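S.K.: Coordinates for the following, if possible.
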Amino acid sequence: MMHQGPCEQVVWVNHVARSLVILLCLLRASCVLGGSEQSLWSTTEGDEMGVPPMPADVLYSDAVDAYERGDWTAMVELMGSALRSVRSVRRAQLACHRTCREASEFPFSSTSSPIAGLSTSHNSSNETYWSALEELRFFEVLLRRAECLSRCEKHHLGEPSLHIMSEELKSEFIKRTPYHYLQLAYFQTNQLDKAAACAQTFIVANPDHKEMRRNVEYYRRMLGVPEELFVDLESRPHMESLLKGAKHYKEEHYKYALDNLETALQEYFEADAECRDLCDGPRAFEGYSYLDYSSDLHQSIADHYIQVLACRQECGKSLATHISRKNPIDDYLPTHYNFLQFSYYKMNEYERAIECTKSFLLFHPDDHSMQQNVKLYHRLLGEEKDLQPRREAVAHLKRSLLEKQLLYFAQEAFGVPFVDPDGWTPDDIKPASQIHGQPVESSKKGPTVQLEEIWSLIAVEEEQEEAASEGPRKQSLSAAPQHLKEGGQLPSDAMTVIFDSAKLNGTQRVVLDGVLNENECRELQALISMVGVGGDGYIGKLSPHTPHERFAGITVYKALKLAQQGALPTHHAHLYYEGSERARQALVAYFQLDPQLYFSYTHLVCREAIKGMQDMRADLSHPVHVDNCLLNHETGACLREHPAYTHRDYSGILYLGDEFEGGNFIFTETDATTVTAEVRPKCGRLVAFSSGEENPHGVRAVTHGRRCAVALWFTFDVTSKEKERIQADALIRQLFSEADELGQLRDPLVPIRDEL
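M.R.: Prediction:
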């Protein structure tokens with residue numbers, strides 16, 4: 001390390017200069033000075049003839065004039081040109097930044113390219129030379145890049161003053177006001193497809209605009225504009241891909257979710273790079289006019305560079321904000337890795353799941369659930385591999401933290417305020433004045449709370465799609481004639497009927513005891529304590545139904561797979577498989593159903609009351625719902641259509657104990673309020689019922705302890721059989737075949753005796 005000299009200001013400026021070099025070179029394998037400028041002046045997209053675009057402010061003003069005089073054709077042309085002008089300016093600026101950066105790279109270190117005749121020995125005289133040369137080379141690059149940018153932008157855009165817009169006009173484009181004008185002009189000229197697209201583009205950014213909402217509904221319902229024409233012409237690719245991926249994720253279509261989520265991540269980093277490039281533009285100096293600016297070289301550089309850094313930090317916040325919202329989605333970038341790790345887990349790609357989980361842990365290293373996931377994925381993988389977080393996550397984090405360090409330093413040294421947009425910044429980056437007495441930030445809520453914001457965005461889109469649908473509603477299964485039976489002989493003398501439909505004040509309901517014994521309940525509780533995954537079965541959401549409780553679960557196939565790998569006692573996993581089959585046989589026998597009743601989903605799950613969050617609870621652990629249709633508790637209607645699990649025909653909950661407070665199972669009327677029956681869980685108790693609108697049900701709040709059960713859903717539709725159950729069947733046969741000679745595993749349908 002070279003001596004910097006006695007002046008503290010010089011030390012700090014040299015530190016800034018070095019930090020700038022590091023930041024610029026962080027993601028590059030090498031940094032060299034020089035490069036070709038042969039392609040500097042190639043035309044940018046939308047600038048095929050090399051003609052600079054017309055100023056957007058002039059075009060916008062002329063378009064509004066045309067609108068006011070009712071010249072719709074001229075208005076469409078002028079407003080469209082204004083929008084294209086804004087895009088062209090942005091594209092040209094980005095192209096120039098990219099080209100000029102490649103043409104004049106910052107040197108990583110002067111010692112990497114020694115100058116002939118100058119010794120590299122470390123004496124005070126040479127170090128003075130090296131320090132001076134380092135500074136000269138640094139500013140040489142700045143000067144060359146400034147000249148390059150000036151020429152490039154002038155070539156593509158003309159004089160810079162032509163494209164300076166007022167803040168008010170910028171705001172109009174951000175709010176998508178041009179599309180408000182365009183939709184009416186297109187309507188007046190009977191171009192309904194374009195009018196619909198413009199209306200949709202405006203309403204996405206202004207969801208509370210009543211007039212435009214009426215216009216959209218008018219286009220849909222009265223004029224019959226097809227739904228596919230209602231597109232967002234200004235959608236941001238990274239956000240659209242994330243929402244598509246999150247929707248597939250929510251629907252448990254993990255293959256498609258991964259495709260969209262990986263695309264979203266790539267598009268996010270591309271958009272972030274573009275945003276950061278544009279931060280290098282002109283900066284306003286608050287508190288004085290530029291003509292009165294009298295600071296020295298070092299202070300001038302610091303003033304401007306601090307604003308550039310602050311702008312770059314805001315890029316993540318901007319990219320995480322959906323156009324319809326004022327606030328960004330919390331933990332936006334880490335949430336990608338949360339989605340990805342769970343999706344790869346579901347696709348049995350454990351190496352990638354580990355990489356994504358470790359990428360998430362870069363931002364939240366103390367997250368217990370993710371730490372446990374890493375351990376679980378290594379067990380599933382069957383070997384310990386040195387798998388690292390993704391490179392782009394590491395690079396992004398390092399660069400961002402270095403920027404934050406400089407901004408916090410500027411805040412302490414110069415009083416320049418810095419509001420950190422991220423909730424994952426570690427305390428060792430912050431100055432002591434920021435840490436002392438600091439409250440817990442709202443963004444540090446755990447990896448799944450942030451998903452609610454994304455679900456809400458998806459819900460808005462689905463609501464809009466549903467509003468456009470005019471097709472016939474599907475008939476609920478319960479509305480069709482059925483021949484229902486009850487009271488069949490149970491498959492085991494240990495099982496007894498506690499309450500039938502009459503005592504439960506409904507139809508196709510029963511409560512059975514004795515499906516499991518006390519030892520079996522303890523074994524299954526031990527199983528989930530060992531390998532339960534937080535958020536499993538609930539698309540990674542630790543608290544899917546209420547923020548007052550935490551969920552963890554595991555599927556039967558995952559349990560058997562862990563047993564095969566030695567991470568779980570085999571008899572625990574086998575009991576899970578066999579006990580769920582025991583419940584299926586009991587349900588088939590009692591309701592006298594076709595034996596071809598297939599598993600639709602099997603899930604061993606616990607919900608645990610979160611300490612300190614139980615005071616004055618008025619919510620339910622699981623809100624009242626129907627398993628195969630969408631219940632509207634205000635009208636009592638239940639629509640058997642997506643996103644309900646319409647293939648489900650019967651449901652069951654097999655309880656593992658009663659060592660908790662609250663958590664009673666309830667049946668209600670379709671108003672979701674009037675309770676018709678209430679059941680207290682206990683070990684071995686099975687609540688079984690048909691899955692239709694005749695059986696709305698929910699769970700009262702669990703206020704203390706942990707409530708565990710095997711949740712079961714069944715279907716008569718062979719195409720809707722549980723895929724993991726098919727895998728579990730095959731694995732059971734394999735384990736049975738391997739262990740048969742040693743007598744280590746009995747027939748899956750024979751209850752296991754207590755071995756203790």
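
S.K.: right, and the secondary structure at His156 would be what?
M.R.: Put simply, His156 is helix when judged by DSSP: H, G, I helix; E, B strand; the rest coil.

S.K.: what about it, how many neighbours?
M.R.: His156 is flanked by 23 other residues according to other CB atoms under 10 Å. No exception for glycine: its C-beta is placed from N, CA and C like everyone else's.

S.K.: ok, the closest residue in space to it that isn't next to it in sequence to Ser85 distance?
M.R.: Residue nearest to His156 in three dimensions, not counting chain neighbours: Ala92, with 4.0 Å by CB to CB, 6 or more residues apart in numbering. Going from Ala92 to Ser85 by CB to CB, to the nearest Å gives 11 Å.

S.K.: Mutual contacts of the two, please.
M.R.: Common contacts of Ala92 and Ser85 (CB atoms under 8 Å, 6 or more residues apart in numbering): none found.

S.K.: sorry, back to before: for the residue nearest to His156, the count of nearby residues, please.
M.R.: 23.

S.K.: same thing with Ala494?
M.R.: Residues lying near Ala494 (other CB under 10 Å) number 14.

S.K.: now swap in Val510 and tell me
M.R.: Neighbour tally, Val510, other CB under 10 Å: 22.

S.K.: Equivalent analysis for Pro55, please.
M.R.: Neighbours of Pro55 under the rule other CB under 10 Å: 20.

S.K.: Verify the contact between it and Ser81 for me.
M.R.: No - using CB atoms under 8 Å, Pro55 is not in contact with Ser81, being 10.3 Å away.

S.K.: what ranges do the helices span in the stretch 301-450 of the chain?
M.R.: Counting by DSSP state H, counting those that start in this stretch, the stretch 301-450 of the chain has these helices, from start to end: 332-346, 350-363, 368-381, 391-414, 432-435.

S.K.: Could you verify that Val605 is part of a strand?
M.R.: Yes - under three-state DSSP, Val605 falls within a strand.

S.K.: Cys710: which element?
M.R.: Let me fix one detail, which is that residue 710 is Val and not Cys. strand 702-715 (DSSP states H and E).

S.K.: other SSEs contacting that strand?
M.R.: When contacts are defined as 3 or more CB pairs under 8 Å, 6 or more residues apart in numbering; DSSP states H and E, strand 702-715 sits against helix 518-531, helix 570-591, strand 598-609, strand 650-655, strand 660-662.

S.K.: residues touching Asp700, list them.
M.R.: Just so we're on the same page, residue 700 is Arg rather than Asp. By CB under 8 Å, 6+ apart, the contact set of Arg700 is 620-621, 662-666, 678.

S.K.: What pLDDT does the model give it?
M.R.: With respect to pLDDT, Arg700 scores 96.

S.K.: Would you list the phi and psi of it?
M.R.: Backbone torsions for Arg700, taken as degrees, to the nearest 10, come to phi -70, psi 160.

S.K.: That one and Glu694, how far apart?
M.R.: To Glu694, Arg700 is 21 Å away according to CB to CB.

S.K.: now do Tyr577
M.R.: Distance from Tyr577 to Glu694, counting by CB to CB: 30 Å.

S.K.: doesn't Lys541 fall inside a helix?
M.R.: No - looking at Lys541 with three-state DSSP, it is coil, so not inside a helix.

S.K.: gap between it and Glu724?
M.R.: Lys541 is 19 Å from Glu724, by CB to CB.

S.K.: Would you agree Leu362 is in contact with Leu397?
M.R.: Yes - the criterion here is CB under 8 Å, and Leu362 meets it with Leu397 at 5.2 Å.

S.K.: circling back to that earlier point, model confidence for the residue nearest to His156, exactly?
M.R.: So, for Ala92, pLDDT stands at 92.

S.K.: That one sits in which helix or strand?
M.R.: helix 72-103.

S.K.: Name the nearest residue to Arg213, sequence neighbours excluded.
M.R.: Arg213 sits nearest to Ile203 (CB to CB, 6+ apart), 6.3 Å away.

S.K.: ditto for Tyr60
M.R.: Ala82 (4.4 Å).

S.K.: how about the nearest residue to Gly382, chain neighbours excluded?
M.R.: Among residues not flanking Gly382 along the chain, Gln565 sits closest, at 5.2 Å (CB to CB, 6+ apart).

S.K.: which residues does the spatially closest residue to His209 that is not a sequence neighbour contact?
M.R.: Using CB to CB, 6+ apart and skipping the chain neighbours, the partner closest in space to His209 is Ile203 (6.3 Å). Taking CB under 8 Å, 6+ apart, we find Ile203 in contact with 209, 212-213, 216.

S.K.: Could I get those residues in TSV, plus columns for secondary structure, distance to Cys315 and pLDDT?
M.R.: Formatted as TSV, these follow (DSSP: H, G, I helix; E, B strand; the rest coil; distance: CB to CB, whole Å; pLDDT from 0 to 100):
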residue	secondary structure	distance to Cys315	pLDDT
His209	coil	28	84
Met212	helix	29	88
Arg213	helix	31	86
Val216	helix	32	88
